[in-house]
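Enquirer: how would this look folded up:
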Amino acid sequence: MPPIFSRFVLCAALGTSLVLSGCNPTVKIEAPDKPIEINLNVKIEQEVRVRVERDLDELLAENPDLF
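Expert: The predicted structure follows:
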């Protein structure tokens, strides 16, 4: 084989390997920009229900003839 052809094959293989090595996927782990929000509506509803139940218990204790 002529030396020019072997250099061409070597350069082509080197170029192909460089191009393919640049295609590797990268994974980046970053913290979110905004803080995490937690919805506490369930807790508020339960608290309201407990208060209403306590008020009803007190009302029924004061007036047992309502029902």
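Enquirer: mind checking the SS state of Thr16?
Expert: helix (DSSP: H, G, I helix; E, B strand; the rest coil).
Enquirer: residue ranges with poor pLDDT in the protein?
Expert: 1-5, 21-24, 40-48, 67 (pLDDT under 70).
Enquirer: For it, which segments count as helices?
Expert: 3-21, 41-62 (DSSP state H).
Enquirer: And the first one, how far out from the chain middle?
Expert: Put plainly, it is helix 3-21. 43 Å (Cα atoms, centre = their mean, to the nearest Å).
Enquirer: Asn39 and Arg51, how far apart?
Expert: As for Asn39, its distance to Arg51 is 20 Å (criterion: Cβ to Cβ, to the nearest Å). In this view, the C-beta of every residue, glycine as well, is placed from N, C-alpha and C.
Enquirer: what about those two, which has more around it?
Expert: Between Asn39 and Arg51, counted using other Cβ atoms under 10 Å, Arg51 has the larger neighbour count: 10 against 7.
Enquirer: For the more buried one, which residues are in contact?
Expert: Arg51 sits next to no residue when contact means Cβ atoms under 8 Å, 6 or more residues apart in numbering.
Enquirer: What separation is there between it and Gly15?
Expert: 75 Å.
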